[in-house]
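1. Sequence and computational prediction follow.
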Amino acid sequence: MSTSKLSKNLTVVDHPLVLHKLTLMRDKHTPSAVFRQLLREISLLLAYEVSRDLPMTTQTIETPVAEMEAPILKGKKLVIVSILRAGNGLLEGMLDLMPSARVGHIGLYRNPDTLQPVEYYMKVPVDIAERRVIVVDPMLATGNSVSAAITRLKEKGAKDIRLVCLLSAPEGIERFTKEHPDVQIYTAAVDSHLNSHGYIVPGLGDAGDRMFGTK
């Protein structure tokens, strides 16, 4: 794991297994079923990193051999917020590792002309202010949509927020960190740039289309 010079708030999870699986996902010949499975597997590894500093306490238990003070998570569990629709690919893997987490959803689509986000759905736990929030979206491209999503979560009271994405573009990182300097970003890779259509280059195409076999 390394921290990019692009932003002090950016953590690049460059584990060999992550990079290997990401290469397979980038290949345009990888079928949707395999793409979804790879995304789920990578999300487990990203979840491990983003949860590394969760607060801990101890609990007295009895093992088959002796009594002990054993470490256990402290306080309320996490909220994982998926930015629809592609965020659900990361959400499923995160829940494999953290099944007791609460789940929220934010529906956003990008206006193809302005590249600005339009919200069409939002539902999150009512006690989100009391929980750590992990926002999941495979692509941090322009940064517009995810910045809007974080703003809405803060309006709902969220304070302790992390963003997990598969790929990031320098333009999106810069935009996002200007708007939300208090939010740490976890990503598997930072690519070269955005093209004129707002897609990450070299990227992997549209994550939602690759997941669900749509165009």
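-> Cool, got the structure.
2. hang on, isn't residue 76 packed against residue 128?
-> No - the criterion here is Cβ atoms under 8 Å, and residue 76 misses it with residue 128 at 10.1 Å. (Each C-beta comes from the backbone N, C-alpha and C, glycine too.)
3. The two: which has the busier surroundings?
-> For residue 76 versus residue 128, the count of surrounding residues by other Cβ atoms under 10 Å is larger for residue 128: 21 against 13.
4. tell me the pLDDT at that one?
-> For residue 128, the model assigns a pLDDT of 95.
5. At the geometric centre of this structure, which residue do we find?
-> residue 164 (2.3 Å; Cα atoms, centre = their mean).
6. Where do the strands of this structure begin and end?
-> 2-3, 10-12, 56-62, 67-73, 79-84, 102-110, 117-123, 133-136, 139-140, 161-168, 184-190, 193-194, 200-201 (DSSP state E).
7. just checking, what packs against the fourth one?
-> Packed against strand 67-73, as judged by 3 or more Cβ pairs under 8 Å, 6 or more residues apart in numbering; DSSP states H and E, are the following elements: strand 56-62.
8. mind checking how far the strand it packs on is from the chain centre?
-> With Cα atoms, centre = their mean, to the nearest Å as the basis, strand 56-62 stands 30 Å off its chain's centre.
9. now stretch 168-184
-> On Cα atoms, centre = their mean, the centre of stretch 168-184 falls 13 Å from that of its chain.
10. which outside residues touch stretch 38-58?
-> 1, 11, 13, 15, 17-18, 21-22, 24-25, 30, 69-75, 78, 89-94, 96-98, 132, 134, 136, 138, 162, 164, 166, 186, 188, 207, 211 (Cβ atoms under 8 Å, 6 or more residues apart in numbering).
11. Show me which of those residues are buried.
-> 11, 13, 15, 18, 21-22, 24-25, 30, 78, 89-94, 98, 132, 134, 136, 138, 162, 164, 166, 186, 188, 207, 211 (16 or more other Cβ atoms under 10 Å).
12. can you list the weak-confidence ranges in the protein?
-> Filtered on pLDDT under 70, the chain yields the residue ranges 1-7, 115.
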